[in-house]
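Participant: here is the input, now give the coordinates:
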Amino acid sequence: MAIKAILNKIIVEPVEAETKTASGIIIPDSAQEKPNRGKVIATGNGTKDEPMEVKVGDIVVFGKYSGTELNVDGDKYIIMSQNEVLAIL
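Facilitator: Numbering: from 1, shown residues only. Alright, predicted model coming up:
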């Protein structure tokens, strides 16, 4: 199934959080935070008032509770507006 974003929406594949600290301690699932960065896999065309600045392949940082989670064929994605992106890495 192909996903297509419209207008100023983007589709992000979350990057999994680290499961180990720098010193080697394993972090259990219950203590891990929700990922706040991901790779853009699709973008809309933007709008007349808000041109699309994010490109496919960009790594973006977004707020903890941004967007809407979506499961497609067992893969997790987040659909959000371009204005919910805090930074492009």
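Participant: next, E13: secondary structure please.
Facilitator: Put simply, E13 is strand when judged by DSSP: H, G, I helix; E, B strand; the rest coil.
Participant: quick one, strands of the chain?
Facilitator: 9-14, 37-43, 59-62, 68-72, 75-81, 85-88 (DSSP state E).
Participant: lowest-pLDDT helix or strand in the chain?
Facilitator: In the chain, no helix or strand scores lower on mean pLDDT, DSSP states H and E than strand 68-72, which sits at a mean of 91.
Participant: that strand pairs with which strands?
Facilitator: Sheet partners assigned to strand 68-72 using DSSP bridges are listed as strand 75-81 (antiparallel).
Participant: give me the distance between the strand it pairs with and the centre of its chain.
Facilitator: The chain centroid and the centroid of strand 75-81 are separated by 6 Å under C-alpha atoms, centre = their mean, to the nearest Å.
Participant: pull out the buried residues from that strand.
Facilitator: Neighbour-count burial for strand 75-81, with 16 or more other C-beta atoms under 10 Å as criterion, is recorded at Y77, I78, I79, M80. All C-beta spots, glycine's among them, are computed from the backbone N, C-alpha and C.
Participant: with pLDDT as added columns, please give these in TSV.
Facilitator: Shown next, in TSV, are the buried residues of strand 75-81 (pLDDT from 0 to 100):
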residue	pLDDT
Y77	94
I78	94
I79	95
M80	96
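Participant: what stretches of this structure score poorly on pLDDT?
Facilitator: Residues of the chain meeting the criterion pLDDT under 70: 1, 17-21, 27-35.
Participant: on that earlier part again, could you check the angle strand 9-14 makes with the least confident helix or strand of the chain?
Facilitator: Strand 68-72 and strand 9-14 are oriented at 70 degrees to each other (axes from the mean of the first three to the mean of the last three C-alpha atoms, to 10 degrees).
Participant: what sits up against strand 68-72?
Facilitator: Outside strand 68-72, the residues within contact range by C-beta atoms under 8 Å, 6 or more residues apart in numbering are M1, I3, I11, K76, Y77, I78, I79, M80.
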